[in-house]
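Participant: The following comprises the amino acid sequence and a computationally predicted model.
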Amino acid sequence: MRYSIALFMALSVAQSDAFLPQKLPTLTKAPATSLHMAVPAQSVFLTPETAKACIDSAGGSPVYAYSLGKLEESADACLAFPNAFGLTVRFAMKACPNRAILQYFHSKGIHIDASSGYEVRRAVTAGIPPENISLSTQELPADFAEFIDMGVKINCCSISQLERVGQHYDGKGQKVGIRVNPGVGSGGFSASTTSFSKTNVGGPSSSFGIWHDLVNDGTVPDIVEKYGLDVERIHTHIGSGSDPKIWQEVAKKTLSFCAIFPGVTACNLGGGYKVGRNEGEPTTDLQEIGGPVADAFRDFAAENGRELQLEIEPGTYLVAMAGALVSTIQDKVQTTGEAGHTFLKLDSGMTDVLRPSLYGANHPITILPGSGDSADVGSETENVVVVGHCCESGDLMTPMPGSPEELAEFPLRKAEIGDILVMDGSGAYCSGMSTKNYNSFPEAPEVLVGKDDKVHVIRVRQQLEQVYQNEVSPEGMF
Ligand SMILES: *Cc1c(COP(=O)(O)O)cnc(C)c1O
Ligand SMILES: CC(=O)N[C@H]1CO[C@H](CO)[C@@H](O)[C@@H]1O
């Protein structure tokens, strides 16, 4: 099963720099990496020294590391999103819900998009004012009215959600938002606008939002009128990693829903801005996709006499490349023969980064010397398969690109047990979304690397007792 290696090696050989093959051949195109192309074994933002410092600060690996400099870069890019009449950027907190990250974005004037009642409570506890939080959820919490009364902005995501909000605030002129499924979607590894994919949340294969026909055929306006609600926000979000062209089309379509409700003051276009984690994967140019959308807002104002505030809700874009999982290679084993491989085993896995197992995603991988000394990098490479620590063959960090049920070998820096392995592009949907506690592995700590490279712990490692603290023995049953 070595058919991918020829291609990977060809790519590696084409690079004269001896250190390049240590990365995935689909090397990240992020600016910092390009700047450091000549620096041996440096990941997107970690050197052997800073990676080691992250491990030491956290009292061992694995540890998630975030870069304040990278967070700032992406925050500034989002805050510069083209707009005609004002912009609100909301961080889709499910992408990385650590309180320090929420607080940092709040300090930048970025608001919050929450996806559950629990996320709302978590953000409020982190000090985010309720007025700065909007909730678009698959499961409207029982205490939704408490949130609305606190100032949280709720986008009704189904007819029954709209009915429940309407019944509670009957005749009170309550302001609400509506999330519409615009009939097309896009996301992840699927370019299709209608088919199912794990990150596509628009179109007929998606249960997210109120189906557009129900807005256009008068069903939603009738419910709104019945309860005397005031629709002030229209919301769409079609998928994570969506095609920029489709995103732009949907943006324009979303304005047509805004025209139906005279009270709409804000048009929320969701997130889904693609981030290229590996070489050859494009990163959405926000200026490029935003320009025509700002024009569409101007046209809308000319036609409808309303200047709408633009809201965007990036998750991935704000944090994906600002985070890395730093692990230790704790074992190395070989199988031989035609189909044999060399495997590196991490002290982390799907318990920390689920995206390879869940989506077949490939993250850029850099192996650094365990000494934490750049002088020890060397120049030898080896074709290896990287696996996690779970008793689960699906705990694979190097799935075959395009064929996630198969494993792939990648030419990486030749590793010894005890070396450090950095998986970049792990800032979004990793720490917050994993099979944590499987095999009773405790939740990994998180650190934030300052612009001065000083490391600050923002979550300590979970203790084993915390894994089982809520379990109860049924007294007298056996
Ligand atoms: C998840 C989500 C986002 C963020 O999506 P990304 O692809 O991470 O940018 C934005 N809005 C809503 C409603 C979401 O559910
Ligand atoms: C209530 C509150 O603090 N609202 C804040 C929401 O965010 C904007 C922009 O950062 C602030 O200006 C508001 O004060």
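Facilitator: That came in fine, so what should we check first? Ligands and ions are numbered 1, 2, ... in the order given.
Participant: name the element the nearest residue to His456 once chain neighbours are set aside belongs to?
Facilitator: For His456, ignoring the flanking residues on the chain, the nearest one in space by C-beta to C-beta, 6 or more residues apart in numbering is Leu448 at 4.8 Å. Just so you know, the C-beta spots here come from the backbone N, C-alpha and C atoms, and that holds for glycine as well. Using DSSP states H and E, Leu448 falls within strand 446-449.
Participant: What of Val384?
Facilitator: Using DSSP H and E, Val384 falls in strand 381-387.
Participant: ok now that strand, how far from the chain's centre?
Facilitator: Mean-position distance between strand 381-387 and its chain equals 26 Å (C-alpha atoms, centre = their mean, to the nearest Å).
Participant: Given the helix or strand just after it, what are its sheet partners and their directions?
Facilitator: Next helix or strand after strand 381-387 toward the C-terminus (DSSP H and E): strand 399-400. Next to strand 399-400 in the sheet, as set by DSSP bridges, lie strand 403-407 (antiparallel).
Participant: quick one: strands adjacent to the very next helix or strand once past the partner strand?
Facilitator: Using DSSP H and E, the helix or strand that follows strand 403-407 in sequence is strand 410-413. Using DSSP bridges, the strands paired with strand 410-413 in its sheet are strand 381-387 (antiparallel).
Participant: which outside residues touch the helix of greatest length in the chain?
Facilitator: Secondary structure of the chain read by DSSP state H shows that its longest helix is helix 286-304. Helix 286-304 is contacted by residues 77-78, 80-85, 244, 247-248, 251-252, 255, 258-259, 267, 269, 273, 306-308, 310, 317 when judged by C-beta atoms under 8 Å, 6 or more residues apart in numbering.
Participant: tell me the pLDDT at the residue nearest to His456?
Facilitator: Among the per-residue scores, Leu448 shows a pLDDT of 98.
Participant: Check Arg2 too.
Facilitator: 38.
Participant: My assumption is that Ala320 lies in a helix; please confirm.
Facilitator: Yes: the assignment for Ala320 (DSSP: H, G, I helix; E, B strand; the rest coil) places it in a helix.
Participant: per-residue pLDDT, it?
Facilitator: If you check Ala320, the pLDDT there is 98.
Participant: Please shift the residue numbers so they start at 2 in all later answers.
Facilitator: Got it, first residue is 2 now, which makes that one Ala321.
Participant: quick one: it and Ala429 touch, right?
Facilitator: Yes: at 4.0 Å, Ala321 counts as touching Ala429 under the criterion of C-beta atoms under 8 Å.
Participant: Pull up the overlap in contacts between these two.
Facilitator: With C-beta under 8 Å, 6+ apart, Ala321 and Ala429 have common neighbours Ala96, Val276.
Participant: and the next element down the chain from the longest helix of the chain?
Facilitator: strand 310-313.
Participant: What strands flank that following strand, and is each parallel or antiparallel?
Facilitator: Counting by DSSP bridges, strand 310-313 is paired with strand 88-93 (parallel), strand 267-269 (parallel).
Participant: dump the residue contacts of Gly379.
Facilitator: Pro370, Arg414, Lys415.
Participant: Now do the contacts for the first one.
Facilitator: Read it as Pro370. By C-beta under 8 Å, 6+ apart, the neighbours of Pro370 are Ala42, Pro49, Asp377, Val378, Gly379, Asp420, Ile421.
Participant: Quick check: the last one vs ligand 1, distance?
Facilitator: Distance, Ile421 to ligand 1, using C-beta to the nearest ligand atom, to the nearest Å: 28 Å.
Participant: Ok, the third one next?
Facilitator: Per C-beta to the nearest ligand atom, Asp377 is found 37 Å from ligand 1.
Participant: what comes up buried for the longest strand anywhere in the chain?
Facilitator: Identified as the longest strand of the chain according to DSSP state E is strand 324-335. Residues Gly324, Ala325, Leu326, Val327, Ser328, Thr329, Ile330, Gln331, Lys333 are the ones in strand 324-335 that count as buried (16 or more other C-beta atoms under 10 Å).
Participant: Can you get me a residue count around the residue lying closest to His169 once chain neighbours are set aside?
Facilitator: In space, and not counting its chain neighbours, His169 is closest to Ala146: 5.1 Å by C-beta to C-beta, 6+ apart. By other C-beta atoms under 10 Å, 15 other residues sit near Ala146.
Participant: can you check the one 5 residues further on too?
Facilitator: Met151: 13 surrounding residues under other C-beta under 10 Å.
Participant: In this structure Val225 contacts Ile261, no?
Facilitator: No: using C-beta under 8 Å, Val225 is not in contact with Ile261, being 9.6 Å away.
Participant: nearest residue to Ser159 other than its sequence neighbours?
Facilitator: Ile211 (6.2 Å).
Participant: ok, that neighbour - contacts?
Facilitator: Ile211 touches Cys157, Cys158, Ser159, Ile160, Leu163, Ile179, Arg180, Val181, Asn182, Val221, counting by C-beta under 8 Å, 6+ apart.
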